[in-house]
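>>> Pasting the sequence and the predicted coordinates here, then a few questions.
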Amino acid sequence: MSHKPLLPSRPAAIIFDFDGVILDSAEIKAEAFAEIYSGYGQQWREPILRYQRLHGGISRREKFDHFDRQILGRAPTEERLALLSKRFTEIVFEKILVAPFIPGARELLENGSGRSRLFVVSGTPQQELIEVIRLRALDRYFELVIGAPTKKGEAFARILHMGLERETVVAVGDSTTECSAACELGIAFLGIRGGPSPIAFPEGIVTLPDLRDASNLLGFGALPLS
């Protein structure tokens, strides 16, 4: 992560992560992983929460693979991955539908809408992500929504190929996964360091505790919601 571009003013495009950036839902998912593995002993709870908070941007199947290898000492089968993913969705889905917005998120969406092209790139499975965004009435904001299994770097590159110059794009996320992907492509990154264990982003990355100051920071001004 050698190059850390400056944040553009009035960016042509903003690429949002979803959990922990738009909705205050990152801890809902962290707790779901801990719940699923709770039968293997409480000693795994903190390592699971720590790993999830650090690697929020990767897919849940990758996380289950990691946890099974660490806790059970073996890689999960495809059948087990499918069962774990199904249980995870059952635990989190209804909670996500009522999760509050990250402070400032709705304002940034409103302020950016019509001024910037808005995208979502998340580690949540594609169809589940689309459904949550639709049910939360957020689909009107986004030109494109990309979820798992597409990795962050692939998704960012795809968006750049939609007629965008990398110097005019900013990615907003709360994990090192999307930070690394953005910086490797020369995309500016705004780190959100909220939650119980704020991420220590690399030196030179602009960070905020939430999105309340993001509209001003990105040159949109503070246009209050009506």
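In hand now; what should we look at?
>>> For the longest strand along the chain, what is the distance to the chain centroid?
Ordering each strand of the chain by length in residues (DSSP state E) puts strand 117-125 first. Relative to its parent chain, strand 117-125 has a centroid offset of 7 Å by CA atoms, centre = their mean, to the nearest Å.
>>> packing partners for whatever helix or strand comes next after that strand?
Counting by DSSP states H and E, the element after strand 117-125 in chain order, helix or strand, is helix 126-135. Identification of packing neighbours for helix 126-135 by 3 or more CB pairs under 8 Å, 6 or more residues apart in numbering; DSSP states H and E yields helix 78-97, strand 117-125, strand 144-148. Quick note: C-beta positions are derived from backbone N, CA and C, even for glycine.
>>> now helix 126-135, how far from the centre of its chain.
With CA atoms, centre = their mean, you get 14 Å for helix 126-135.
>>> List the buried residues of it.
For helix 126-135, the neighbour count (16 or more other CB atoms under 10 Å) marks E128, L129, I130, E131, V132, I133 as buried.
>>> cool, and stretch 163-182?
164, 166, 168-182.
>>> Okay, and which of the residues you listed map to helices?
Here DSSP state H is the test, and the buried residues of stretch 163-182 give T176, T177, E178, C179, S180, A181, A182 as lying in helices.
>>> what's in contact with stretch 159-170?
By CB atoms under 8 Å, 6 or more residues apart in numbering, the list of residues contacting stretch 159-170 from outside reads 5, 7-8, 11-15, 117, 119, 121, 144, 146, 185-190, 218.
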